[in-house]
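Student: sequence plus predicted model, see below.
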Amino acid sequence: MNDFFTVSIIIATLASGIRLAVPFLLAALGEAVGQRAGVLNLGVEGVMLIGAFSAYYAALETGSAAFGLLMGLASGVAMGLVYALITVVMHAEQGISGIGIYLFGLGFTDLLFQKQVGTPKPISGLQAKPFDWLAEDTGRAGELLFSHTVLTYVAFLLVPVVYWLITRTTFGLNVRAVGENPQAADTLGVSVNGIRTAAIVIGNTMAGLAGAALALEIGIFQQNLTAGRGFIAIALVYFGAWRPVGVMAGSLLFGIVSSTVLQLQVQDVISGSVSSIANMAPAVLTVIVLVVVSRRIGQPAALTRPFTRDS
Amino acid sequence: MLEMQGITKRFPGVVANEDVDFTVLPGQVHTLLGENGAGKSTLVKILYGLYHPDEGSITFEGSPVNIYSPSVAIRTGIGMIHQHFMLVDTLTVAENVALGLGKPLGLANLQPIRRRIREVSEEFGLHVDPDTYIWQMAVGERQRAEILKALYRNVRLLVLDEPTAVLTPPEVTDLFVTLRQLTADGRGLVFISHKLNEVMEISDEITVLRDGKVSGRTTPAESSRESLAMMMVGRPVEFTRTIADQTPGEPKLEVQNLRVRGDRGELAVHDVNIDVRAGEIVGIVGVSGNGQRELAEAIIGLREIESGQVNVDGDPVKTPTPKHVRAMGLAYVPEERMKYGSIGDFTVAENLILVDYDQAPYVRNGLLSFNSIEERSEQLVGDYSIRTPNTSTLTRKLSGGNIQKVVIAREFSGGAETLLVAQPTRGIDIGAAEYIHEQLLIQRSQGKAILLISEDLDEVMALSDRLVVMYEGSVMGRVSREEATIEQVGLLMSGVGELEISPVAG
């Protein structure tokens, strides 16, 4: 038991927490962009699965993890266009459409996996660690900060990028306007449908990237690989009050809780039935988070409301 | 500067505009007058590119234009102040102004916009700070931000859709000063309203619409309130109402030191005391959002009372639920007839028994008795002249005025001796409003105690024995009908001066 509390294990747990936070962070940041534009996408989980399978299958066939990553992104763009068609152009109810996207992603990736791959075959994932050379010289803090793969840095770099996009650019101003009062934006000549479509595509691309990151990290695909991470990502958007930094804080919280549970199991601190219960930690945390943030301060006023001129 | 010719717009089942001609000259305030549904909004929505006309042409400053979207309208030089402000609450004034400007993929550079806002604000005395968030602004201020937004885009024709509906009388005066400055600058204004006094005051020219067609063109000099109303409604309208003197009886509704919280937890009703006696109408006036809605909801039991007490017929309300309060003898006509007053997808008959549905004779042995319901609703439809094809018509298919009559019929016929009536004529045609005013006075003469909550100052002043003015949740003043003047009540509504004009009981 004492073993768990050594500094090196704590550092390792935190470092792996940062790594586990990446899919949450990418998916939740993307979902936040969509929601700021007034579009709820409950299908994040499905898009993540499609992104994960696309990345895995492309990497498996070509042997190139980078090409896999590209396919993961492309599948996200495609799903974004599909979701924009359903919700923006055809004004479908967003909650139901999102569930449809999830079910489609779950079933479709499993079908393709069974048809095309069958038995799980590992791929060589993205192992490049750009700052690894720094980690050796900087000791434990270095291990915490510099031992990660490229995608981890990309994910955390996207936090200020998304913040900047939303708060400092004309596009971001338009996103905020169509998420709060699309009628007002429309009367000033802002293309509500155009902005919403762009925000959805950005969000879904990041969800696809999140799935790809997961598959390339683990180096394998299986049915329901994402195991609810996409749904937790939606909860994190609420937790983070629709702000990139808040979303990042939530993602880190979930990553570290997950890595701690894993570490406790590895160290055999908890085992057997207790271990199974501990696996529920993220789910329980999600519920607690949602109750705590139920006041929804900062929620875009037009979230889930389709835009038409006559309303 | 603007010529709209032969504009026709059809919607499924209705012709909203039929062969409408409308011209605005530079430096002119041209009023569009008409009842709800007469086609004013449709016409200006066509002008602003929100609707597309089926027939007709628009010429602006000498050249024909095809305004197919709001951005084209703005580029053409046409701006619009919508009735429901088109502002994004979570953005600042500068950010709202910046919307739709600049390169779509560029950085939002607000610095020059701020500077220009200050200049325009200065020039027209609008007093708008570019860095204030919209949600922090009062209604009058928001309207000035809207006007500024249009002026920033250098519009030469500005459409104002019912701009005074949300303003207090002093704010209306300020607005009119601003509007005159704009016309002095050579801009053309389209002013939409159904308040005849204002129309007479601000207009250079008046075009009256009825049922989608132009029913008259005139100027204030050539017309009177009566003649304008006649053009709007198509028949003479009675403006002055004689109210019989009668001595009020026992207090029926007593509100004592009432404190109620609003939706966001703020103190919405602040130590309010009101008594309403049998045979009198007490009117509560105030600009929308000053605690009137919360007060009504607290009285009927829809909103939790923080402290204080409500007595109905001399007895304190112990179980504040609508069912219980109604059983004590209070009837309630809520504001927003479609949201709270009736169920649109229920038939007229069903809506008419929405309160008594569980009482004999409408229910027997737990089953609805359709014969009694039918009999009762036929009678009420006749008594209250509800215009409906039959009692099994879905309520949402009726006109606003007739839906309101359904609500009034249900509430006034139930035998309650105290009536709580909120915004009874908002958004309904003059004919139906007249009818409802008559009904209120009949109820008064029958000795009912009536608490009338309305934002329509003319209505409250015409009907009430006493006026209670609310501002930010508190009673700002109490005035008897004989002593009330528009100016003085208007000042109270805007929170200026707290006074007790006459020693009338609260």
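Tutor: It's in.

Student: got a list of what A:Arg196 touches?
Tutor: A:37-39, A:84, A:87-88, A:178, A:307 (C-beta atoms under 8 Å, 6 or more residues apart in numbering or on different chains). The way it works is simple: take the backbone N, C-alpha and C, and place the C-beta from them, glycine included.

Student: for burial, what's the neighbour tally of whatever residue of the stretch 401-506 of chain B ends up closest to chain A?
Tutor: Closest residue of the stretch 401-506 of chain B to chain A, C-beta to the nearest C-beta: B:Gly427 (17.1 Å). By the measure other C-beta atoms under 10 Å in any protein chain shown, the count of residues near B:Gly427 is 17.

Student: so which bits of the stretch 351-500 of chain B are right by chain A?
Tutor: By C-beta under 8 Å from any C-beta of the partner chain, no part of the stretch 351-500 of chain B sits against chain A.

Student: name the residue of the stretch 351-500 of chain B that lies nearest to chain A.
Tutor: Distance from chain A to each residue of the stretch 351-500 of chain B (C-beta to the nearest C-beta) is smallest for B:Arg396, at 16.1 Å.

Student: helices of the stretch 101-250 of chain A, residue ranges please.
Tutor: For the stretch 101-250 of chain A, the helices defined by DSSP state H, counting those that start in this stretch occupy A:132-137, A:139-146, A:150-168, A:170-180, A:182-187, A:192-218, A:229-239, A:244-266.

Student: dump those helices to TSV, plus mean pLDDT.
Tutor: TSV is the format used below for the helices of the stretch 101-250 of chain A (pLDDT from 0 to 100):
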stretch	mean pLDDT
helix A:132-137	76
helix A:139-146	78
helix A:150-168	95
helix A:170-180	95
helix A:182-187	91
helix A:192-218	96
helix A:229-239	93
helix A:244-266	91
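
Student: residues contacting the residue of the stretch 351-500 of chain B closest to chain A?
Tutor: Counted by C-beta under 8 Å, 6+ apart, B:Arg396 has contacts B:338, B:344-345, B:403.

Student: go again with 6 Å.
Tutor: B:Gly344 (C-beta atoms under 6 Å, 6 or more residues apart in numbering or on different chains).

Student: now it, what's its secondary structure?
Tutor: Three-state call for B:Arg396 (DSSP: H, G, I helix; E, B strand; the rest coil): helix.

Student: by proximity to chain B, which residue of chain A wins?
Tutor: Nearest to chain B in chain A, going by C-beta to the nearest C-beta, is A:Gly189, at a distance of 2.6 Å.

Student: got the domain ranges for chain B?
Tutor: B:2-233, B:251-329+B:416-500, B:344-404 (automatic domain parsing).

Student: with mean pLDDT and distance to A:Gln116 as extra columns, can I get those in a markdown table?
Tutor: What follows is those, written out as a markdown table (pLDDT from 0 to 100; distance: least, C-beta to C-beta, whole Å):
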| stretch | mean pLDDT | distance to A:Gln116 |
| --- | --- | --- |
| domain B:2-233 | 91 | 39 |
| domain B:251-329+B:416-500 | 91 | 54 |
| domain B:344-404 | 91 | 50 |
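
Student: between those, which one is closest to A:Val22.
Tutor: domain B:2-233 (27.7 Å; C-beta to C-beta).

Student: so how far is A:Gln265 from A:Ala281?
Tutor: 11 Å (C-beta to C-beta, to the nearest Å).
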